[in-house]
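Novice: quick one: sequence and predicted model below, then my questions.
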Protein chains: 2
Amino acid sequence: MAAGAKVREMDQDDDDVISDLEQFVGYNLKRAYVIVQADFRNALGQDALAPRVFSALSLAVQFPHISQSKLARKLGIERSGLVAIVDELEGLGYLSRATVPGDRRVQALVPTEKGRRAYAEAVATVRAHEKALLADLTAAEQQTLIRLLRKIRSKGETE
Amino acid sequence: MAAGAKVREMDQDDDDVISDLEQFVGYNLKRAYVIVQADFRNALGQDALAPRVFSALSLAVQFPHISQSKLARKLGIERSGLVAIVDELEGLGYLSRATVPGDRRVQALVPTEKGRRAYAEAVATVRAHEKALLADLTAAEQQTLIRLLRKIRSKGETE
DNA sequence: TTAAACTGTTTACCTGCTAAACAATATCCT
DNA sequence: AGGATATTGTTTAGCAGGTAAACAGTTTAA
């Protein structure tokens, strides 16, 4: 399986050689990201909440009446990109766009009871799957990992 | 100006509240990945080698005469997705598709001297930028980070 | 020799974004 | 006051980076 297909008789097996790439944080980050994201997706089922929709819902539940602009900023995406996400959440009945008395430009995102329940359920599922995926890491290692990733984030999200 | 725009007078500032999201490895991974990738891109210049093209070149240089199938497998992408990447590298004159005596199906990727030089230069640049980006992490922390990311990878790349 | 498997490729598609323009609304500046 | 300036949500067009399915050519297995 891992051995090179026997297309040629003396095929030197390069599979275990450590490449340059492996020494880059960026490369390892990307590969790990792909795996964790895939795990997320089949944790919640193939066509349920996508990671970004889950994230938006999470923040909407935690910060009810947040505006779309603020939410976009928290998520690190553009306002325009958030529209489809909020559309989806509204379509699912997980939140509604409410007008704000003082400012008629902003749409306050208020989660519905259904949205809060769905989120509570999703968050438990995701947590469980992430825990299983990261079973090889001790609790301390997981905390360290998060701490180091946040350090990188704080370097880049300065504004 | 991290403070919320003064749209309303008593706008509680949610910016420093720790959200649920921050506790997920997946979320932190994604955010960090975006930052490192962006750093990579403006390390090499806006329209130079994209990360994935750099990665492919790296492996082609390190494993000359690797086949596209093997390269795709190493990169964790589909064969079909690799075609455009190899096209680009060939277009740049960084490698060529060579026929293999024993098997007329496979295209052996052989880096040119130009390709090897370009890679050597790129790798130095990327290393320098990554070092700068990760200056807040000690060398030990960087090693730990890579070790933990590889642990996640080894969990997901089992096949 | 026929069936099965593998290689590279094309094509059609999907996801998750950005950037630019826009109308509506709000705020700032004298 | 009132005009410039800014902000909010939105649409549209486009890009990057991938997948999946089908295919011809070639090789291996039965």
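Specialist: Cool, the structure landed. Everything numeric in this text was worked out from a predicted model, so none of it was measured. Numbers count the residues shown, from 1 in each chain, chains lettered A, B, ... in the order given.
Novice: who does the longest strand along chain A pair up with?
Specialist: Taking DSSP state E as the criterion, chain A has its longest strand at strand A:103-111. Its sheet considered, strand A:103-111 pairs with strand A:66-67 (antiparallel), strand A:95-100 (antiparallel) by DSSP bridges.
Novice: closest to DNA strand C out of those strands?
Specialist: Taking C-beta to the nearest atom of the strand, strand A:95-100 is the member of the strands paired with strand A:103-111 nearest to DNA strand C, at 8.0 Å. C-beta coordinates here come from the backbone N, C-alpha and C atoms, glycine included.
Novice: how about the helices in chain A?
Specialist: Using DSSP state H, the helices of chain A run over A:25-43, A:51-62, A:68-75, A:79-91, A:113-133, A:139-156.
Novice: OK, contacts around A:Ala108?
Specialist: A:Pro64, A:His65, A:Ile66, A:Ser67, A:Arg97, A:Ala98, A:Thr99, A:Val100 (C-beta atoms under 8 Å, 6 or more residues apart in numbering or on different chains).
Novice: just give me the closest of those to DNA strand D.
Specialist: DNA strand D has its nearest neighbour among the contacts of A:Ala108 in A:Ser67, at 3.6 Å by C-beta to the nearest atom of the strand.
Novice: give the closest residue to that closest one in space, chain neighbours not counted.
Specialist: A:Val106 (4.5 Å; C-beta to C-beta, 6 or more residues apart in numbering or on different chains).
Novice: what's the separation between the one you found and DNA strand C?
Specialist: Taking C-beta to the nearest atom of the strand, to the nearest Å as the measure, A:Val106 falls 8 Å from DNA strand C.
Novice: does that residue touch A:Ser69 like I think?
Specialist: Yes - with contacts counted by C-beta atoms under 8 Å, A:Val106 reaches A:Ser69, the gap being 7.3 Å.
Novice: between the two, which one's more packed in?
Specialist: The neighbour comparison of A:Val106 against A:Ser69 (other C-beta atoms under 10 Å in any protein chain shown) goes to A:Val106, with 19 against 16.
Novice: picking up where we left off before, which of the strands paired with strand A:103-111 sits most buried?
Specialist: Highest mean neighbour count of the strands paired with strand A:103-111: strand A:66-67, a mean of 22 (counted as mean count of other C-beta atoms under 10 Å in any protein chain shown).
Novice: and it, anywhere near DNA strand C?
Specialist: No - using C-beta under 7 Å from any atom of the strand, strand A:66-67 never reaches DNA strand C; the gap is at least 11.8 Å.
Novice: now the residue nearest the centre of chain A: how far from DNA strand D?
Specialist: With distances taken as C-alpha atoms, centre = their mean, A:Pro51 lies nearest the centre of chain A, 4.4 Å away. For A:Pro51, the distance to DNA strand D (C-beta to the nearest atom of the strand) stands at 14 Å.
Novice: isn't that residue right next to A:Phe40, touching?
Specialist: Yes - with contact defined as C-beta under 8 Å, A:Pro51 reaches A:Phe40; the gap is 5.4 Å.
Novice: low-confidence stretches in chain A?
Specialist: Counting by pLDDT under 70, the low-confidence segments of chain A come to A:1-16, A:158-159.
Novice: near DNA strand D, which residues of it? Just list them.
Specialist: So chain A meets DNA strand D at A:6-7, A:67-70, A:72, A:79-80, A:82-83, A:86-87, A:97, A:105-107 (C-beta under 7 Å from any atom of the strand).
Novice: again, only using 6 Å
Specialist: Near DNA strand D, the residues belonging to chain A are A:Val7, A:Ser67, A:Gln68, A:Ser69, A:Arg79, A:Ser80, A:Val83, A:Val86, A:Arg97, A:Arg105, A:Val106, A:Gln107 when assessed by C-beta under 6 Å from any atom of the strand.
Novice: tell me which of these is nearest to B:Thr125?
Specialist: For the residues of chain A next to DNA strand D, the residue nearest B:Thr125 by C-beta to C-beta is A:Ser80; the value is 32.5 Å.
Novice: count the neighbours of the closest one for me.
Specialist: Other residues close to A:Ser80 by other C-beta under 10 Å number 9.
Novice: repeat that for A:Arg31.
Specialist: Neighbour number of A:Arg31 under other C-beta under 10 Å is 22.
Novice: wait, it touches B:Gly76, no?
Specialist: Yes - assessed by C-beta under 8 Å, A:Arg31 is found in contact with B:Gly76 at 6.3 Å.
Novice: tell me, what's touching these two both at once?
Specialist: In contact with both A:Arg31 and B:Gly76: B:Glu157, using C-beta under 8 Å, 6+ apart.
Novice: so how far is A:Ala122 from A:Leu44?
Specialist: For A:Leu44, the distance to A:Ala122 (C-beta to C-beta, to the nearest Å) stands at 6 Å.
Novice: shared neighbours of these two, anything?
Specialist: A:Phe54.
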